[in-house]
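J.: structure for the following, please:
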Amino acid sequence: MARECGNRIRFNVGGKIFDTTATTLASAGRGSMLGALLDDNWNLRSFSPQDSGGQAEYFIDRNPACFGVLLDLLRTGEFHLPPHIPERLFYREAQFYGLLDHVRVTKWGAFDGNRLRLSASVAGRAPGDGTAIRASPDGGCCVAHGGVVHVYDWLLDEHRPINLDYQQVNDVGYMDSGNIVVTARERPGRADGGMGLFSSSTGDIRHRFRVSHGNQVKSFTAGALCFSNVESKIFASCKGRCNEYGIGVWDQITGNQSDFFYQPPGCSFGDADKLQWIDGNNCLMVATLFPRTDNCSIGLLDFREKNMVWSWSDEGTLMGAASLDEKRVLHAIVMEDSHSICVVNQYEDLGFLDLRNSGGGVRWSSRSKLMKGKIRGEESCYPKLVMHGGQLFLSMNDSISVFCGPEWVLTSTLRRSVGGSICDFSIGGDRLFALHSEENVFDVWESPTPPIL
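T.: Down below sits the predicted model:
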């Protein structure tokens, strides 16, 4: 219970008294337990409970030592954890009050690829390649491996896994911190596969997404996955038994199918490796890449106009074995300015496609010299690209390169030898997660707080 005297408020936490102010509580934010005590004008809400001495207090039956640290964090904006308080206990208390984001920001600072430091390495449940790793908005992650998705919270504690009963997971992604969407392969002779929404905390299925044609529900394989939070849409590549090949669209709120873009002749949308929604253009990038198909194709789909407004393919540009090896596109992403697409080949050459020029080719920026010392022909994972906060990240073998500036200069490299090559990585919740192939180990990288001068 809390006692207010002017701007002062009193708390009794586990028998220990704390006095603070409404101004300090306001710094906790509306989404926190303490911020919820204030009204729309940031004044303490009216209350009536009193203690035995007739003084009004807010009583909270929690750990008082942790509450004191959190109160100092709100007062000063600085985080100092005394050695006698277990770190995991403190994090759980911060989560109870809704202040975990405050702790994360003050401890690590803003995400910066050039300041990342390895903070944890988590062993996988099974050897062999994982399918994907995805960062949660709140700093947790999930790892898809075979027919199971392992889910970890911000403390890296594993929750109950999502088990698809031996169905092969193709892709996975967080719709929000509490909900995970999983796409799966349809097994021959069974009406399974498709796509489902699962709880990140319990692993239980909440909704199964359907594809309907002619008012009939069809079984299908769902592949690459992406979200548009602005449009509240979910997109996935689909392959059905009756030529339902294309891109399905579902509403995030209702879970109902809202559209379906059938692939035109000569395209392989149902086999797409990468989907990415472009908010600035209100278009969806669909990329089908090597080795899934012999020729790479990338297109932009405008669902309002029901057509493909931009496309590029390497078909006809690869002449001879040497050229085939040099320019094979293995991954692609739309840059944050929405004006270009970045692609990469196996030699770590970055290429750029101008979305304002439908007839242009790839402008290659050679990074092949970075491959010196690496053994050609050794088994490795295909490279992946991620764009975050104006920085470009590229995984290649057991390292992740960070590129910055208008010319995309290499500014730092993250390398961790345990676990073999990096098969996937993801950024979210102020963390970078890198999944290694050999032992299914994933690493957690964080940006430390800048030193106080």
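
J.: pLDDT score for residue 237?
T.: The model reports residue 237 with a pLDDT of 94.

J.: isn't it up against residue 224?
T.: Yes: using C-beta atoms under 8 Å, residue 237 is in contact with residue 224, at 4.7 Å. Where C-beta positions appear, they are placed from N, C-alpha and C, glycine not excepted.

J.: which neighbours do the two share?
T.: 272, 275 (C-beta atoms under 8 Å, 6 or more residues apart in numbering).

J.: residue 334 bridge partners, please.
T.: residue 341 (DSSP bridges).

J.: residue 73 falls within a strand, correct?
T.: No: with DSSP: H, G, I helix; E, B strand; the rest coil as the criterion, residue 73 is assigned helix and is not in a strand.

J.: give me every residue that touches it.
T.: 79, 99, 102-103, 106.

J.: residues near the spatially closest residue to residue 93 that is not a sequence neighbour, how many?
T.: Using C-beta to C-beta, 6 or more residues apart in numbering and skipping residues adjacent in sequence, the residue nearest residue 93 is residue 66, 3.8 Å away. Neighbour count of residue 66, defined by other C-beta atoms under 10 Å: 23.

J.: mind checking the SS state of residue 66?
T.: Per three-state DSSP, residue 66 ends up helix.

J.: in the stretch 151-300 of the chain, which spans are strands?
T.: With DSSP state E, counting those that start in this stretch as the criterion, the stretch 151-300 of the chain has strands at 162-163, 169-176, 179-184, 194-199, 205-209, 211-213, 216-218, 220-228, 233-240, 246-251, 257-262, 274-278, 283-288, 297-302.

J.: got the angle between the second one and strand 274-278?
T.: This means strand 169-176. 20 degrees (axes from the mean of the first three to the mean of the last three C-alpha atoms, to 10 degrees).

J.: the contacts of residue 73 in helices, which ones?
T.: 102-103, 106 (DSSP state H).

J.: for residue 117, state which of the residues you listed is nearest.
T.: Using C-beta to C-beta, residue 106 is the member of those that lies nearest residue 117, at 16.1 Å.

J.: quick revisit: quick check: which of the strands of the stretch 151-300 of the chain is nearest to residue 117?
T.: strand 169-176 (24.0 Å).

J.: got the buried residues for the closest one?
T.: For strand 169-176, a neighbour-count test (16 or more other C-beta atoms under 10 Å) marks 169-175 as buried.

J.: show me the contact partners of that strand.
T.: For strand 169-176, using C-beta under 8 Å, 6+ apart, the contacting residues are 131-132, 134-137, 142, 144-149, 180-185, 197, 200, 221-227, 234, 236, 252, 428.

J.: partners of it, with directions?
T.: strand 179-184 (antiparallel).

J.: give me the phi and psi for the residue nearest the centre of the chain.
T.: With distances taken as C-alpha atoms, centre = their mean, the residue of the chain nearest its centroid is residue 135 (3.5 Å). Note on residue 135: backbone dihedrals following degrees, to the nearest 10 are phi -80, psi 140.

J.: do I have it right that it meets residue 434?
T.: No: at 10.5 Å, residue 135 does not count as touching residue 434 under the criterion of C-beta under 8 Å.

J.: now do the contacts for residue 400.
T.: Here residue 400 is in contact with 393-394, 413-415, 422, 425, 432, 434 (C-beta under 8 Å, 6+ apart).

J.: for it, give the beta-bridge partners.
T.: Here residue 400, judged by DSSP bridges, has bridge partners residue 395, residue 414.

J.: which pLDDT value goes with it?
T.: pLDDT at residue 400 comes out at 95.

J.: what's the per-residue pLDDT of residue 270 here?
T.: For residue 270, pLDDT reads 85.

J.: ok, the nearest residue to it once chain neighbours are set aside - contacts?
T.: What sits nearest to residue 270 in space, not counting adjacent residues and going by C-beta to C-beta, 6+ apart, is residue 245, at 3.6 Å. Residue 245 sits next to 238-239, 262-263, 268-270 when contact means C-beta under 8 Å, 6+ apart.

J.: surely residue 297 meets residue 264?
T.: No: using C-beta under 8 Å, residue 297 is not in contact with residue 264, being 11.0 Å away.

J.: which of those two has more residues huddled nearby?
T.: residue 297 (21 against 12).

J.: contacting residues for that one?
T.: Counting by C-beta under 8 Å, 6+ apart, residue 297 makes contact with 267-268, 287-288, 311-315.

J.: in the stretch 201-350 of the chain, where is pLDDT below threshold?
T.: Flagging of the stretch 201-350 of the chain using pLDDT under 70 yields the residue ranges 242-243, 316-327.

J.: and residue 225, how far is that from residue 266?
T.: 24 Å (C-beta to C-beta, to the nearest Å).

J.: those two: who's more crowded?
T.: Neighbour totals were compared for residue 225 and residue 266, and residue 225 leads with 23 against 10 (other C-beta under 10 Å).

J.: show me what the more buried one is bridged to.
T.: residue 236.

J.: what sits against it?
T.: Contacts for residue 225 (C-beta under 8 Å, 6+ apart) come out as 170-173, 181, 183, 195, 234-236, 275.

J.: with the residues you listed in mind, which one is nearest to residue 402?
T.: Of the contacts of residue 225, the one sitting nearest to residue 402 (C-beta to C-beta) turns out to be residue 173, at 23.1 Å.

J.: do you know how far that closest one is from residue 182?
T.: From residue 173 to residue 182 the distance is 8 Å (C-beta to C-beta).

J.: do residue 156 as well
T.: 21 Å.

J.: more neighbours: which of these two?
T.: A count of neighbours by other C-beta under 10 Å puts residue 182 above the other of residue 156 and residue 182, at 24 against 16.
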